[in-house]
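# My questions concern the predicted model and sequence given below.
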Amino acid sequence: MKIPSNNVGTVVKHYSDQIGSLYPQKEANAIIWLLMDDLFEINRFALASNPDLRLSESELLLIHKACKKILQNIPVQYVTGKSEFFGLQFKVNESVLIPRPETEQLAQIIFKELPLQPVRILDIGVGSGAIVVSLKKNRPDCILYGCDISSTALETARENARIHETDIHFFECDILSNAAVKLIPDVDVIVSNPPYVCQSEKALMRSNVLQNEPHDALFVPDDNPLLFYKTITGVASERLSSEGKLFFEINERFGEEVAGVLQKYSFTNISILKDFNDKDRFVKGEKE
Ligand SMILES: C[S@@+](CC[C@H](N)C(=O)[O-])C[C@H]1O[C@@H](n2cnc3c(N)ncnc32)[C@H](O)[C@@H]1O
């Protein structure tokens with residue numbers, strides 16, 4: 001990858017074209033500008049106001065290395081080590097799922113439904129900690145818990161809680177194990193965005209997700225797609241306070257089935273909510 005000049009405009013065009021071989025051109029442009037901003041705090045406006053802006057040799061090397069990773073199919077969030085969620089910046093790495101815009105929508109739904117008085121909230125499968133940290137940041141009066149089977153994900157979640165100066169109780173727990181229910185505290189709200197992609201849906205996924213994001217965070221067996229919903233609803237029926245709320249992010253194919261699980265456990269006010277793409281994406285319900 002020989003760069004014809006150190007002029008910022010030329011460098012951006014050069015890498016944007018290269019990245020355009022992997023991503024749609026609009027996305028490729030967004031990626032190169034995200035890297036320029038992250039590495040050198042240079043944005044489109046800086047270039048527009050100074051078209052002669054140049055990079056030093058060491059800066060050229062840095063952008064070259066970052067673009068090389070993008071061309072190796074690594075998601076830009078893992079290259080920068082950062083992802084934006086609920087207006088906050090989260091540290092991410094290969095041990096956590098990159099938080100998705102749909103999950104941000106889930107956090108918004110929960111935030112709007114929180115009562116005025118402080119409540120106890122648990123996220124099962126906390127990953128990077130994006131949901132719990134965002135909720136705690138906006139409702140410091142609430143008590144937040146987060147658990148995950150992955151100790152490395154928990155390390156990242158703890159780091160994000162520290163960065164955002166939020167006090168959150170994290171603990172390791174395999175929610176599918178028999179011991180789980182004993183580890184789960186009594187709470188008023190449970191949220192989970194568990195693994196929900198069926199193995200057979202792999203073919204529909206982007207290769208950079210498949211090659212880089214943790215499979216334990218993504219996939220469930222084809223013959224048991226409701227595995228996590230059944231288990232978590234069972235745990236929620238024991239650990240939620242009366243009128244406590246349960247919120248799930250779901251596979252768009254299984255809205256009715258997940259709602260059926262909540263019904264089976266006698267939850268009330270059950271609804272299936274759509275995401276911004278008009279797909280069934282969330283199920284919520286209330287304990288009797
Ligand atoms: C889809 S990710 C969600 C991460 C984060 N809450 C978010 O929304 O961005 C699912 C998470 O569940 C965790 N997980 C997978 N199996 C689990 C299990 N048996 N018990 C607890 N957590 C589990 C994964 O490690 C992963 O962090």
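Perfect, I can see it now.
# CA only for contacts and neighbour counts going forward, please
Will do.
# Spell out which parts of the stretch 101-250 of the chain neighbour the ligand.
For the stretch 101-250 of the chain, the residues found near the ligand under the criterion CA under 6 Å from any ligand atom are 103, 125-128, 148-150, 173-176, 193-195, 216-218.
# So among these, which ones count as buried?
Buried members of those, counted by 16 or more other CA atoms under 10 Å: 103, 125-128, 148-150, 173-175, 193-195, 217-218.
# out of the residues you listed, which are inside strands?
Asp148 (DSSP state E).
# Return the set of buried residues in stretch 111-119.
In stretch 111-119, counting by 16+ other CA under 10 Å, buried: Phe111, Leu114, Val119.
# circling back to that earlier point, mind checking which of the residues of the stretch 101-250 of the chain next to the ligand land in helices?
Thr103, Asp216, Ala217, Leu218 (DSSP state H).
# Among those, which one lies nearest to the ligand?
Ala217 (3.8 Å; CA to the nearest ligand atom).
# measure that closest one to Arg162 for me?
23 Å (CA to CA, to the nearest Å).
# Provide a list of residues in contact with the residue nearest the centre of the chain.
In the chain, the centroid-proximal residue (CA atoms, centre = their mean) is Pro99; its distance is 1.5 Å. Applying CA atoms under 8 Å, 6 or more residues apart in numbering to Pro99 gives the contacts Ser83, Phe85, Ser128, Ala130.
# May I have the phi/psi pair for the last one?
Dihedral angles phi and psi of Ala130 (degrees, to the nearest 10) take the values phi -60, psi -40.
# go on, Lys284?
phi -130, psi 160.
# try the one 3 residues further on
When read as degrees, to the nearest 10, the backbone of Lys287 gives phi -70, psi 140.
# my guess is it contacts Ser242, does it?
Yes - using CA atoms under 8 Å, Lys287 makes contact with Ser242 at a distance of 5.8 Å.
# more neighbours, the two?
Lys287 (24 against 12; other CA atoms under 10 Å).
# so who does that one touch?
Applying CA under 8 Å, 6+ apart, the residues contacting Lys287 are Ser237, Leu240, Ser241, Ser242, Glu243, Gly244, Lys245, Leu246, Ser266, Phe267, Thr268.
# change it to 6 Å
Ser242, Glu243, Gly244, Phe267 (CA atoms under 6 Å, 6 or more residues apart in numbering).
# Could you count how many residues lie near the third one?
In other words, Gly244. Gly244 sits with 21 neighbouring residues when counted by other CA under 10 Å.
# Which stretches in the stretch 101-250 of the chain count as helices?
Per DSSP state H, counting those that start in this stretch, the stretch 101-250 of the chain carries helices over the ranges 101-113, 130-138, 151-163, 180-183, 207-212, 215-218, 227-239.
# Would you map out the domains in the protein?
8-72, 93-286 (automatic domain parsing).
# TSV for the ones you listed, including mean pLDDT?
As requested, the domains of the chain are exported to TSV (pLDDT from 0 to 100):
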stretch	mean pLDDT
domain 8-72	96
domain 93-286	97
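# Pick the most deeply packed of those.
Stretch with highest mean neighbour count among those: domain 93-286 (a mean of 19; mean count of other CA atoms under 10 Å).
# Now do the end-to-end distance for that one.
The first residue of domain 93-286 is 34 Å away from its last residue (CA to CA).
# Looks to me like Asn29 is in a helix.
Yes - Asn29 sits within a helix when classified using DSSP: H, G, I helix; E, B strand; the rest coil.
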